[in-house]
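In: just to be clear, the model below is a prediction. Sequence and coordinates:
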Amino acid sequence: MQIKINKKSYQADEGETILSACKRNKIRIPALCAHPNLSPSEGVCRMCLVETNQTRGLVPACAQIVSRGLEVFTETEKINKARKINLELLWADHAGKCASCRRNRRCELQNLAEEFKIDEFKFVPRRKELENKDELDLLKDNWEHTVLDEKNQSIARDSQYCIECRRCVRICRDMQTVEAYGVNYRSSKTNVGTPYEIPLDCIFCGQCSAVCPTAAITEKDDIEKFEKVLADPKKMVIVQTAPSVRFTFSEEFGEAPGTFWEGKLVAVLKELGCDKVFDTVLGADFTIVEEAHELIKRLKNGGPFPMFTSCCPSWILYVEKYYSQFIPNLSSCKSPQQMLAPLVKTYYAESEKINPAQTVSVSIMPCTSKKYEAQRPELNGSDHKDVDIVLTIRELARLLRKKKIDPRKLKEKKYDPALGISTGAGLLFAQSGGVMEAALRTAVEKITGEELGKMEFEMVRGEAGIRCAEIEINDLKLKIAVVHEIRNVKKLLEDIKASRASYDFVEVMACPNGCIGGGGQPVPVNQNIRNARIKGILKRDKGMPLRKSHENPVLKKIYKEFLGQPGSEKAEELLHTKYINRKK
Amino acid sequence: MSLQKILLKHEPKPENLLKVLKEIQKENKYIGKKECEKVAEYFSLPLARVFSFASFFDEVETRKGGKKIIKVCSGGPCLMEDSREVVRQIELHLRIEAGNDAHPKYKLEFISCRGLCDQGPVVMVDDQVFERVRPEDVDDIIRNYL
């Protein structure tokens, strides 16, 4: 269908909104509540107002469906005035503490406020401008419903920054089906938060913090803890970095998504004063070898099937809280972070003759849920706390900006070789389908005993929410599935429960497209950015000299010197775990 | 009537949710977390959705009050009939302030429209509805119903 936007003709699809038609044709319309991951939009922020020839007043472009003969104007005086007033109203209910805000310079509201030059406070007077007592009461009333939540380990909430765009409510309800947030109370007392203001009780995937346009929902800030251990001369700070953050770190400093910044990441960590920088990809390789071993064991013993991967802590928590009958199906392997960390405090400390009590294990992650995972006592393999501090990549970038360290000016460095050699298979963990592909590379070779010819398993790649395939290994038929986003996971679990589908091996990631779409990744994010990140990963995997986990020389060495073989008693103790039924 | 009985009286359909909440409110004075969880489970809805639904309505209390709540309609027609003066009278009589939680026994609140616009101004004491309240009636209501 042809529509006219600003007097030019464009093609639009039946049933799409004005906003999506404009976006495709690169016509910018500001929006605070519409988000590409979330549809349909509720049209609450009123920033995307446009004029059309078919309506009398202004209409929100994010909710108005295109129709035949439509003419849209996106920039007129009337529109700009309305947008500015709406923005002033939103600003009036916002804390406006930009200088101390975690999202300073990365805030969608701040960007728009700058664009529309919001410097007058028409709706809420400042302290010296107060004229009578009523105005003070109004001001008090505004802040009455502030809710702070710092009680959980992963996600911090501060509702004085909230502009009630409802993105968090929608992503939690529609994408993750957890629905931890709701829009509570009404009119001026409206407050987005948890029921009865209980501490957040969810799967801590952090998608709400990734879509929040302001700093109302952010990752819990652990920078202070990190700075403290860096300043302590008695502590040896050992850092590990997740597979995905090396592809997204650059975005925080204005580079294109998918830029490979592994060397820079190591360099900035060394610059900050970390003693050793290790690679979580090695942990991923351990996960693969152990998981492949477990899969082969289950194939021999006849189950239980399907076997689910266990790298995603949000997914684990989801099973424990909502689908506890599937707990035996979870692989007992720990996640890469929790595999590398005990090795640091046992194997590495022993071989270097360091007292593990004096080491501090820090990990740089794309994920808010990892903060929660590090707190789980049953995951500790060594006698100490395996992972002491978890920082998301956003926090690391914030710390660097605070210390005025510019990674672009630093020379690339390499990981410390003791636990820093990685393979392409481990790198694939960063995206949805990667764990499956890496596991297949190892499992197929282990089962057949022959070297793998073609290393790519294209059937597990792609964007679809649930991707199924059947793989033949000799006379063995393996039914596999790759799922991401909890709404798809729920569908799959219901199908399995009702015996509509059966699988042998299923990879699950809670976030869209896996860890590269993680809750702690740089913002803003959309499908195009995630696709660019995936491209970077696949390109890097292709260029790696080692592409199979079991060929990692460091891994082989540690098995020979320390762990014995996959599935041995020591490996069981350090690299495997048990799950707890947390159903209420 | 116990919570369980109220729940079982109604089918777990979304359209019954408000009815159930109001009935529980009658028994229990307010919808606490425990009750809310039970309702959510019975209707197979997430707790957050039930709470945001319940907290939306002035009719449903989600916080333990234990106070007599006096509600005065702040809808347009009632304001036209000078409900503001009625509020002022109540404030004077009881020495409380509308919207303020400080008084140990009473709480005065503005509510949105009851649908009794032709009978305004409307004042409610707990569940009792008073229509066409004149400022001079306030003394009477307070003496007899509080």
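Out: Thanks, I have the structure now. Residues are numbered from 1 along each chain as shown, chains lettered A, B, ... in the order given.

In: write out the residues of chain B neighbouring chain A.
Out: Residues of chain B that fall close to chain A, judged by Cβ under 8 Å from any Cβ of the partner chain: B:33, B:36, B:46, B:47, B:48, B:49, B:50, B:51, B:52, B:55, B:56, B:62. In this view, the C-beta of every residue, glycine as well, is placed from N, C-alpha and C.

In: CSV for those, including secondary structure?
Out: CSV is the format used below for these (DSSP: H, G, I helix; E, B strand; the rest coil):
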residue, secondary structure
B:33, helix
B:36, helix
B:46, coil
B:47, helix
B:48, helix
B:49, helix
B:50, helix
B:51, helix
B:52, helix
B:55, helix
B:56, helix
B:62, coil
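
In: next, the residue nearest to the spatial centre of chain B: phi, psi?
Out: For chain B, residue B:59 is the residue whose C-alpha lies nearest the centre (Cα atoms, centre = their mean; 3.8 Å). Phi and psi for residue B:59, reported as degrees, to the nearest 10, are phi -60, psi -30.

In: find the nearest non-adjacent residue to it, please.
Out: Spatially, and ignoring its direct neighbours in sequence, residue B:59 is nearest to residue B:22 (6.4 Å; Cβ to Cβ, 6 or more residues apart in numbering or on different chains).

In: the one you found: what secondary structure?
Out: Per three-state DSSP, residue B:22 ends up helix.

In: now swap in the one 3 residues further on and tell me
Out: Counting by three-state DSSP, the backbone at residue B:25 sits in helix.

In: near chain B, which residues of chain A show up?
Out: Residues of chain A lying near chain B by Cβ under 8 Å from any Cβ: A:173, A:178-186, A:194-196, A:198.

In: with neighbour count, pLDDT and secondary structure added, can I get those in CSV?
Out: Converted to CSV, these look like this (neighbours: other Cβ atoms under 10 Å in any protein chain shown; pLDDT from 0 to 100; DSSP: H, G, I helix; E, B strand; the rest coil):
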residue, neighbour count, pLDDT, secondary structure
A:173, 20, 93, helix
A:178, 27, 92, coil
A:179, 19, 92, coil
A:180, 23, 93, coil
A:181, 27, 93, coil
A:182, 25, 93, strand
A:183, 20, 93, strand
A:184, 24, 90, strand
A:185, 18, 88, coil
A:186, 14, 83, coil
A:194, 22, 92, coil
A:195, 25, 92, helix
A:196, 17, 89, helix
A:198, 15, 89, coil
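
In: farthest pair in these?
Out: A:178 and A:186 (23.6 Å; Cβ to Cβ).

In: just the strands in chain B please.
Out: B:68-73, B:106-111, B:123-125, B:128-130 (DSSP state E).

In: hmm, back to that, and the residues of chain A next to chain B as a markdown table, adding distance to residue B:123?
Out: Below are the residues of chain A next to chain B laid out as a markdown table (distance: Cβ to Cβ, whole Å):
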| residue | distance to residue B:123 |
| --- | --- |
| A:173 | 38 |
| A:178 | 42 |
| A:179 | 38 |
| A:180 | 39 |
| A:181 | 35 |
| A:182 | 31 |
| A:183 | 29 |
| A:184 | 27 |
| A:185 | 23 |
| A:186 | 21 |
| A:194 | 34 |
| A:195 | 31 |
| A:196 | 30 |
| A:198 | 35 |
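
In: closest to residue A:456 out of these?
Out: Set against residue A:456, the nearest of those by Cβ to Cβ is residue A:178 (33.9 Å).

In: tell me which residues touch that closest one, please.
Out: A:172, A:202, A:203, A:318, A:486, B:46 (Cβ atoms under 8 Å, 6 or more residues apart in numbering or on different chains).

In: switch the cut-off to 7 Å
Out: Residue A:178 is in contact with A:172, A:202, A:203, A:486, counting by Cβ atoms under 7 Å, 6 or more residues apart in numbering or on different chains.

In: burial measure for the last one, as a count.
Out: Applying the criterion other Cβ atoms under 10 Å in any protein chain shown, we find 25 residues in the vicinity of residue A:486.

In: could you verify my assumption that it touches residue A:510?
Out: Yes: using Cβ atoms under 7 Å, residue A:486 is in contact with residue A:510, at 5.6 Å.

In: who touches both of those two?
Out: Residues touching both residue A:486 and residue A:510 by Cβ under 7 Å, 6+ apart: A:176, A:318.

In: what's downstream of the lowest-mean-pLDDT helix or strand in chain A, the next helix or strand?
Out: Lowest by mean pLDDT, DSSP states H and E among the helices and strands of chain A is helix A:133-144, with a mean of 62. Moving toward the C-terminus from helix A:133-144, the next helix or strand (DSSP states H and E) is strand A:148-149.

In: pLDDT of that next one, averaged?
Out: Taken as a whole, strand A:148-149 has a mean pLDDT of 78.

In: which other helices and strands contact it?
Out: With contacts taken as 3 or more Cβ pairs under 7 Å, 6 or more residues apart in numbering or on different chains; DSSP states H and E, strand A:148-149 sits against strand A:155-158.

In: what is the rounded mean pLDDT of the strand it packs on?
Out: Mean per-residue pLDDT for strand A:155-158: 92.

In: with just CA atoms, put it into CSV.
Out: Taking Å, rounded to 0.1, in the frame of the first residue of the first chain, the C-alpha atoms of strand A:155-158 are listed here in CSV:
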residue,chain,number,x,y,z
ILE,A,155,19.0,-5.7,39.6
ALA,A,156,18.7,-2.2,41.2
ARG,A,157,15.5,-0.2,40.9
ASP,A,158,14.9,3.4,41.8
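
In: which two among the residues of chain B next to chain A are spaced furthest apart?
Out: B:33 and B:56 (17.0 Å).

In: if we can go back for a sec, filter the contacts of residue A:178 to the buried ones?
Out: Among the contacts of residue A:178, the ones that count as buried by 16 or more other Cβ atoms under 10 Å in any protein chain shown are A:172, A:202, A:203, A:486.
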